[in-house]
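Need the 3D shape of this:
(chains A and B)
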Amino acid sequence: MRAALEDTLSILGQEVPLGRVDRELKKLWDSDEAKTRASLMNFAIYSEDAAALPRNNRLLEELTSEHACRAMLILFQPDGPAPRARAWINALCRPYEGKKIVCSEQLSFVLEGGNAAQVQNIVFAHLDSDLPLVVWWQGDLTSNFEERFYSEIDRLFIDSAEWTHPAAEFAMLEDACNGATSEFEVHDLSWTRSHFLRSALAGCFQDAVALRRLPHIAQIEITHAPGQKVAALLLAAWIAERLGLRLDDAAKEVRFSKRDGGSVSLVLAEGLAGCCVQRLALTGPDLRAEVAREPRCAFVRVCTSCDGHAREEMLPADVESEAELISSQLSRAHGTSIFIDMVPLLRRMLAKA
Amino acid sequence: MPELENPFQDTQMQQHRAQPCTLVIFGATGDLTHRKLIPALYNIAVSGDLPPQFKVVGFARREKTDEVFRAELCEANAKHSRQGHNEQMWGSFAQSIHYHRSEFEDVDGYRALAGLLDAFDKERGTVANRLFYLASAPEYFDQIMEQLRKAGLNNGIGDRWARVVCEKPFGKDLKTARHLNEVVNETFDEGDTYRIDHYLGKETAQNIMVLRFANSLFEPNWNSRYIDHVQITCAENLGMEGGRGGYYDTAGALRDMVQNHLFQLLTLVAMEPPTDLSADSVRDEKVKVIRALRRLTGPEAVGQNVVRAQYTAGSVDGVPRVGYRQEERVNPESRTECYVALRLFVDTWRWQGVPFYIRVGKQLPKKATEISVHFKKPPQVPFATSVMIPDSENTLVIRIQPDEGISLRILCKQPGQALFVQPVKMDFHYSNSFGKASPEAYERLLLDAMAGDATLFARRDEVENAWRFIDEIEKAWHESPSPPPMCEYPAGSWGPKAADEMLARDGREWRRL
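Here you go, the predicted model:
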């Protein structure tokens, strides 16, 4: 394992002594006057999976083509022998209109056998001052995800689809968000993956007739890819919250009750591998609003039928690659609490699903 | 029955919510529709921001079917779309495009249009909002408005709205602008009238307010106590290519560019902070700036504060260029200016005594639209008399196009034993920091019109006050017995000497671009 990791480290650029990162970065920029350095934020990927290193390295390259940043790649290996830290520097460049080259800088760290304090120190020591800190925490929220670390974060990316125990991880996340010093905003890629699908669903109810039928829906149907059940539940939680539905605690399965006493059932189906959510339908008397996506299609087909009229249109589908997901989320306005407000309901749903 | 709120919408939309509507474009076979409007709508669709059940109806005089119209637009979109052209997406978007043939003055054509719109409503199962876009030549505005009124299309049905978007030029003087305003306002309320100025849709123009009012660094210094003068330059390195001389020769730089685009930039720089960001709060402050412009009455005042010129033969980028009067479709004895420089004063407490120098011209060395704010020089007290301080002040530059961005020139000590001071430039480029391309101005403006946000559109009083100011200059040029001279400059130079001399009289010079 260590030998395999050693082989891949060369992709990280130029290895430098940990204490000389800043000096070596300066040299890197001074050596090429044609390059322009740009930075809007500190963007750090934290991972404990050595096999993910090449993928994360590629991802930073893609991401910086749209979002200039000081990129940090942190690989933490808790089971390493003696505590040891190594550092690499690199310039991630893109041409601009054939005239100049715009670059972000990448700092990579491999930390072995250390602890949370070591991770924090490495990150804090190498931040580009005055710029926000965005962290993509990959995999489970381990013991290194602790207050002194997350209290410095401005935006946190996670992917709950990767979590081993989603219910426990969401509980930990909720605690972190409620911490006295926490001010970070959470972006779950499982939630981001359905952004355009949710927009498409919202579009169905711009139709006044369909909107009038909406309170009468009886069923929510969601087909998701294998391993993307949390994404489907998040979507259902969002629909329930927006419609003012309550989770029926008495029911064994996930079922919602309406204020008028009616109920709304949730039908989850596992589809083929591919896009995260493949079909979403809200159905009720004389109403069917469906958003569906064919495999490898860049658009979703939206069909709304109610009161004897039907319409169909195509709208953009969600991006799928992690780099595109992060990039599109970074481009959107932020500052909303919609996601984190859904977490309590989601946790109750997870207990049933 | 009260309008229900779509519970899913507010969590999704982070920008203006375009409301479901049908867009009717008058003059749909023209260049604007092909080059700008349809590619903008397509790109809005690609971004997923087009409202559901959206329809476009092209209204024009030539005979053609929906299919032919769509095919023509498809070809244009493939050439001009910012985000490329996807056949599948176009196929879906094109289904919303329809063509309606009619003469502009034929009321029956409008009644048939009303029938078509009703049929769309039936198909949808609900009545849609209606947005009319006047992309035709302005001489048809009267007829179009009259017929829309006669056909009853100017009023929204129930709680649905009907709005009109007017393209520039909005008049050629105060009289014609007033007439157009009266015609338009007889048909649509002022609140439903959107006079487009695509400069306001540009990212950097919108950023002027953010720069000023979201950064505490600038606003405390944004006044006559700290600012020496302001320059606004709009330079073009082209002449009358593409047969543009025909129109341009009837308008000139002052009417074509200053009355609208440059005055819009001027107002954004000089306005007071609005009480809120509603359309009328912002536009109220902009109108106050135009009204506070010191009038240039009579040929003497105009001669001292305005320079007009035509280019003579020269070369740009090494390519020989003919003089203005030798251009295709330009009157060989033309008295139309293709360069104008103005020295303006905004007579408000904030700007007392601060000149605003504006220049716009064709066949200049490069294409650039920039605003530069020149701060006053410091008293130099802390430095010994022997220290050389370069004759340059702090300058904040807002680049509108191309290479959108902001730079700030400051003075720094040059490294070394001696105290040498040098100007250095801190530079922010949108393209470096934000790899993603900005939306086209028309995308933003069309979405705003569909969402009912008129902030980036000119209001009637704004337009009329601007014309009132411009008319006095035009009068001095064309009606005075002793008009100020028409100067000349070789194509490829930075304009006539008289423009340099106008600033030199104030002890200033044009900023080097």
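
Listing request: residues of the chain with sub-threshold pLDDT.
You didn't pick a chain, so chain A it is. Judged by pLDDT under 70, chain A has its weakly predicted residues at A:1-2, A:33-34, A:96-100, A:333-335.

that answer is for a different chain, and I need it for chain B
In the predicted model of chain B, residues B:1-4, B:10-16, B:125-126, B:380-391, B:435-436 satisfy pLDDT under 70.

Next, the residue positioned nearest the centre of it: secondary structure please.
Nearest to the mean C-alpha position of chain B, by C-alpha atoms, centre = their mean, lies B:Tyr199 at 2.8 Å. B:Tyr199 carries the three-state label helix when classified by DSSP: H, G, I helix; E, B strand; the rest coil.

Tell me who's in contact with it.
Going by C-beta atoms under 8 Å, 6 or more residues apart in numbering or on different chains, B:Tyr199 touches B:205, B:260-261, B:264-265, B:400, B:441. To be clear about C-beta, it is placed using only N, CA and C from the backbone, and glycine gets the same treatment.

Now A:Thr164: closest residue in space, sequence neighbours ignored.
With sequence-adjacent residues excluded and distances taken as C-beta to C-beta, 6 or more residues apart in numbering or on different chains, A:Thr164 is closest to A:Asp140, at 5.5 Å.

wouldn't that neighbour be in contact with A:Ser160 here?
No. Here A:Asp140 does not reach A:Ser160: they are 10.2 Å apart, not a contact under C-beta atoms under 8 Å.

more neighbours, those two?
A:Ser160 (23 against 16; other C-beta atoms under 10 Å in any protein chain shown).

about what we covered before: so what sits against both of A:Asp140 and A:Ser160?
Residues touching both A:Asp140 and A:Ser160 (C-beta under 8 Å, 6+ apart) are A:Glu169.

all helices for the stretch 201-350 of chain B, in order.
With helices called from DSSP state H, counting those that start in this stretch, the stretch 201-350 of chain B shows them at B:203-213, B:245-251, B:253, B:263-270, B:279-292, B:298-305.

Let me see the domain layout of the chain.
No chain specified, so I'll use chain A. According to automatic domain parsing, chain A comprises the domains A:2-153, A:192-352.

oops, I was thinking of chain B
According to automatic domain parsing, the domains of chain B span B:9-167, B:200-378+B:461-504.

among the ones you listed, which is nearest chain A?
Nearest of these to chain A, taken as C-beta to the nearest C-beta: domain B:9-167 at 3.6 Å.

ok, now which ones touch residue 19?
This is for chain A. With C-beta under 8 Å, 6+ apart, A:Gly19 has no contacts at all.

Can you look at chain B instead?
Per C-beta under 8 Å, 6+ apart, neighbours of B:Gln19: A:206, B:51, B:129, B:161, B:450-452.

Need phi/psi at it.
Main-chain torsions, B:Gln19, degrees, to the nearest 10: phi -90, psi 150.

Grab the nearest non-local neighbour of residue 58.
Reading this off chain A. Closest to A:Arg58 by C-beta to C-beta, 6+ apart is A:Ala323, at 7.9 Å.

You answered for a different chain; I wanted chain B.
Once flanking residues are discounted, B:Gly58 sits nearest to B:Ala28: 2.9 Å by C-beta to C-beta, 6+ apart.

burial measure for the one you found, as a count.
Neighbours around B:Ala28, by other C-beta under 10 Å: 30.

So which bits of the stretch 251-353 of chain A are right by chain B?
Residues of the stretch 251-353 of chain A lying close to chain B (C-beta under 8 Å from any C-beta of the partner chain) are A:298-299, A:302, A:306-309, A:311, A:313-316, A:331-333, A:336, A:338.

Quick check: A:Gly114 vs chain B, distance?
34 Å (C-beta to the nearest C-beta, to the nearest Å).

Spell out the secondary structure type for that residue.
coil.

Tell me who's in contact with the closest residue to it other than its chain neighbours.
Sequence neighbours aside, A:Pro83 is the residue nearest to A:Gly114 in space, at 4.5 Å (criterion: C-beta to C-beta, 6+ apart). By C-beta under 8 Å, 6+ apart, the contact set of A:Pro83 is A:111-115, A:118.

which one of the residues you listed is nearest chain B?
For the contacts of A:Pro83, the residue nearest chain B by C-beta to the nearest C-beta is A:Leu111; the value is 29.9 Å.

Neighbours of the closest one, how many?
For A:Leu111, the neighbour count with other C-beta under 10 Å is 24.

Assign a three-state SS to it, would you?
A:Leu111 - assigned by three-state DSSP - is strand.

Okay, and the beta partners of it?
Taking DSSP bridges as the rule, A:Leu111 bridges to A:Phe76, A:Ala85.

Including distance to B:Arg178, could the domains of chain B go into TSV?
Shown next, in TSV, are the domains of chain B (distance: least, C-beta to C-beta, whole Å):
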stretch	distance to B:Arg178
domain B:9-167	13
domain B:200-378+B:461-504	6
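
mind checking which of these is nearest A:Arg347?
Among these, domain B:9-167 comes nearest to A:Arg347, with 19.7 Å by C-beta to C-beta.

And A:Val209, how far from chain B?
A:Val209 sits 5 Å away from chain B, going by C-beta to the nearest C-beta.

which residues does the residue lying closest to B:Asn331 once chain neighbours are set aside contact?
Excluding the flanking residues, the one nearest B:Asn331 by C-beta to C-beta, 6+ apart is B:Asp249, at 5.7 Å. B:Asp249 makes contacts with B:329-331, B:334, B:336, as judged by C-beta under 8 Å, 6+ apart.

do A:Asp30 as well
Not one residue lies near A:Asp30 by C-beta under 8 Å, 6+ apart.

Narrow the contacts of B:Gln19 to those in helices?
Among the contacts of B:Gln19, DSSP state H puts B:450-451 in helices.

now, which of the contacts of B:Gln19 sits nearest B:Gly314?
Closest approach to B:Gly314 among the contacts of B:Gln19 (C-beta to C-beta): B:Met450, at 45.0 Å.

thinking again about what came up before, export the domains of chain A as TSV, with columns for distance to B:Asp173.
Listed next are the domains of chain A as TSV, based on distance: least, C-beta to C-beta, whole Å:
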stretch	distance to B:Asp173
domain A:2-153	40
domain A:192-352	42
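
Just the angle for the strand or helix carrying B:Ile400 relative to helix B:263-270, thanks.
B:Ile400 belongs to strand B:395-401 when assigned by DSSP states H and E. Using axes from the mean of the first three to the mean of the last three C-alpha atoms, to 10 degrees, the inter-axis angle of strand B:395-401 relative to helix B:263-270 is 150 degrees.
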